[in-house]
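# No sequence on hand, only this structure:
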DNA sequence: CTACATTTGACCTAAATAAGTCAAGTCTAA
DNA sequence: TTAGACTTGACTTATTTAGGTCAAATGTAG
């Protein structure tokens, strides 16, 4: 699930048109269309607005936002999956380090 | 293991000084010092050079290069780990999709 | 066919990032 | 105590990315 897909899903399941949601977010509907197909990214502040409009957990939107961004980086990479593993290891290592201090 | 750490490790285990390696890469030694501590990133072309100098697999350097970049993005994120999972899922999903066609 | 929803392509500007340099400061052994 | 190895901070310039707009093209139900 990408952020774009999730937004589209939330929007449609609440019977809203792009123009309506776009206006709530104060962006053009052409832009929203691209956001829903992951051709463009939303500003991060918009996530909070979305979370309120659809009563959907902010943390999940946040994870999708970052995750989609990461995916854009690795999607055409030979070593994409390994790179994700590397990042994961560094992240858990850092956590342990911090816990020690 | 970060890319910087790996480079330092390779360099030291081959008894080379920063100035020597820096000159092979045609960069300043101050810059290399920062690269080794992940304060700066190397150009990607440099990875091939490193791979040859140290006779170390390019693919691994590549994975470290991208991985370290990903880590920089997620390291201060609440949802960092989840975001990595999201990206991983998208990546494997895409693979399946491609395999179907 | 035509009205409305959506998608797409071309374009734009401001802000951020990449990829360094250089000089000064620090560390460490001899 | 001083040379050589390394680190750090301040700065720079060129390129990329973010975050859009707008009009035209396309999809689609009635």
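Received it, and whenever you're ready, just let me know what you need. Not measured: the values here are computed from a predicted model. Residues are numbered from 1 along each chain as shown, chains lettered A, B, ... in the order given.
# For the residue sitting nearest the centre point of chain A, give me phi and psi.
Centroid check for chain A by C-alpha atoms, centre = their mean gives residue A:65 as the closest residue, at 1.7 Å. Main-chain dihedrals, residue A:65, degrees, to the nearest 10: phi -60, psi -50.
# What distance do you get for residue A:96 to residue A:87?
Using C-beta to C-beta, to the nearest Å, we find residue A:96 at a distance of 15 Å from residue A:87. For glycine as for every other residue, the C-beta is placed from the backbone atoms N, C-alpha and C.
# Neighbour count for the two, which is higher?
Legend: neighbour count by other C-beta atoms under 10 Å in any protein chain shown for residue A:96 and residue A:87, higher for residue A:87 (28 against 8).
# Check which helix or strand the nearest residue to the more buried one once chain neighbours are set aside maps to.
Spatial nearest neighbour of residue A:87, excluding adjacent residues (C-beta to C-beta, 6 or more residues apart in numbering or on different chains): residue B:70 at 3.8 Å. Per DSSP states H and E, residue B:70 falls inside helix B:58-74.
# Quick one: name the residues of chain A near chain B.
A:1-2, A:59, A:62-71, A:73-75, A:77-92, A:94 (C-beta under 8 Å from any C-beta of the partner chain).
# Buried ones only from those residues, please, as a ChimeraX command.
Entered in ChimeraX, the line below selects the buried ones among the residues of chain A next to chain B, by 16 or more other C-beta atoms under 10 Å in any protein chain shown:
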select /A:2,62,63,64,65,66,67,68,69,70,71,73,74,77,79,80,81,82,83,84,85,86,87,88,90,91
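# sorry, back to before: the residue nearest to the centre of chain A contacts residue A:4, correct?
No. Look at residue A:65 against residue A:4 with C-beta atoms under 8 Å: they stay out of range, at 10.3 Å.
# Which helix runs longest in chain A?
Secondary structure of chain A read by DSSP state H shows that its longest helix is helix A:80-100.
# Identify the residues contacting the nearest residue to residue A:51 once chain neighbours are set aside.
Closest residue to residue A:51 apart from its sequence neighbours, by C-beta to C-beta, 6+ apart: residue A:58 at 4.1 Å. By C-beta atoms under 8 Å, 6 or more residues apart in numbering or on different chains, the contact set of residue A:58 is A:47-48, A:51.
# Could you list the low-confidence segments of chain A?
Applying pLDDT under 70 to chain A flags residues A:100-101.
# tell me which parts of it are close to DNA strand C?
Residues of chain A lying close to DNA strand C (C-beta under 7 Å from any atom of the strand) are A:12, A:17-19, A:29-30, A:33-34, A:36-37, A:39.
# Could you rerun that using 6 Å?
Taking C-beta under 6 Å from any atom of the strand as the contact definition, chain A meets DNA strand C at A:17-19, A:29-30, A:33-34, A:36-37.
# quick check, nearest of those residues to residue B:25?
Nearest to residue B:25 among the residues of chain A next to DNA strand C: residue A:34, at 39.4 Å, using C-beta to C-beta.
# Report how many residues lie close to the closest one.
14.
# same check, this time on residue A:13
So residue A:13, with other C-beta under 10 Å, has 9 neighbours.
# separation between it and residue A:34?
21 Å.
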